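Colleague: Coordinates for the following, if possible.
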Amino acid sequence: MTTDTSNMNAESEESTEAKPQADTAGAEDFQAKFTEANNKYLYLYSEFENFRRRTERDRLDHLKFGHESFLRELLQVVDNFERASEHAKNLAGGEKGSPLAQVAQGVEMVHYQMMDALRSQGVAVVNTKGAKFDPAFHEAVGEEDSDAEPGTIVKEMQKGYTLHGRLLRAARVVTARKRSN
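Modeller: Next up, the predicted model:
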């Protein structure tokens, strides 16, 4: 019996030694699977957060710039109001109170009201007076001999506009070039 008991004790010691190794291997396998699943979760979570931010930014951009093409069409109307105002002033010839001068004043008022409405929507006029030519905001349509520094805008042919800082229409300008002697 003592040999049986000592054999049993030896077998039970071997089995208890084998179990911790098996448990450790299972725990390591579980830890590796858990780490992999956690990394996938973190990746998907960050992807979802990026998607959420991107869609929010796109939504805000759509609200800000969604009417861009409509505003671009209105700029043609604004140009025509400016031309009509200048033409009416020239025809009136400085006669205050004449019917033509009153028409010119009415056209100017409508033009001002239209520009005010455009400003309320985020439209701004591109600055050209004495500015240096910037291809991001200006379109050069010619050069002129001038005493001004080369590359400086000397004449504006058509106004340019931005919508919330983004170019809506480039200003068409004439730039200075050095006078040839």
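Colleague: May I have stretch 163-176 exported as PDB, CA atoms only?
Modeller: Extracted in PDB, the C-alpha atoms of stretch 163-176 (Å, rounded to 0.1, in the frame of the first residue of the first chain):
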ATOM      1  CA  LEU A 163     -17.500  83.300 -49.700                       C
ATOM      2  CA  HIS A 164     -16.500  82.800 -46.100                       C
ATOM      3  CA  GLY A 165     -12.800  83.300 -47.200                       C
ATOM      4  CA  ARG A 166     -13.100  80.800 -50.100                       C
ATOM      5  CA  LEU A 167     -12.800  82.300 -53.600                       C
ATOM      6  CA  LEU A 168     -16.100  82.600 -55.300                       C
ATOM      7  CA  ARG A 169     -14.900  84.600 -58.400                       C
ATOM      8  CA  ALA A 170     -11.400  85.900 -59.100                       C
ATOM      9  CA  ALA A 171     -11.000  89.600 -59.600                       C
ATOM     10  CA  ARG A 172      -9.900  90.300 -63.200                       C
ATOM     11  CA  VAL A 173      -7.100  92.900 -63.100                       C
ATOM     12  CA  VAL A 174      -4.500  94.600 -65.100                       C
ATOM     13  CA  THR A 175      -1.000  94.600 -63.400                       C
ATOM     14  CA  ALA A 176       1.900  97.100 -63.700                       C
END
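Colleague: What residues of that stretch count as buried?
Modeller: Judged by neighbour count (16 or more other Cβ atoms under 10 Å), stretch 163-176 contains these buried residues: 163, 168-176. Where C-beta positions appear, they are placed from N, C-alpha and C, glycine not excepted.
Colleague: Closest one to residue 32 out of those, please.
Modeller: Nearest to residue 32 among the buried residues of stretch 163-176: residue 163, at 53.8 Å, using Cβ to Cβ.
Colleague: can you tell me which residues contact residue 132?
Modeller: Going by Cβ atoms under 8 Å, 6 or more residues apart in numbering, residue 132 touches 149, 151-153.
Colleague: Narrow those to those that are buried.
Modeller: By 16+ other Cβ under 10 Å, those give 152-153 as buried.
Colleague: Out of the buried residues of stretch 163-176, list just those in strands.
Modeller: Applying DSSP state E to these, the entries found in strands are 163, 168-169, 171-176.
Colleague: Which segments of this protein make up each domain?
Modeller: Per automatic domain parsing, the structural domains of the chain span 1-65, 67-121, 123-181.
Colleague: which one of the ones you listed is the most hemmed in?
Modeller: Mean neighbours per residue, mean count of other Cβ atoms under 10 Å, is largest over these for domain 123-181, with a mean of 15.
Colleague: what distance separates that one from the centre of its chain?
Modeller: 23 Å (Cα atoms, centre = their mean, to the nearest Å).
Colleague: Start at 270, not 1
Modeller: Yep, numbering from 270; the last one is domain 392-450 now.
Colleague: picking up where we left off before, between the buried residues of stretch 432-445, which is nearest residue 396?
Modeller: Of the buried residues of stretch 432-445, the one sitting nearest to residue 396 (Cβ to Cβ) turns out to be residue 440, at 8.5 Å.
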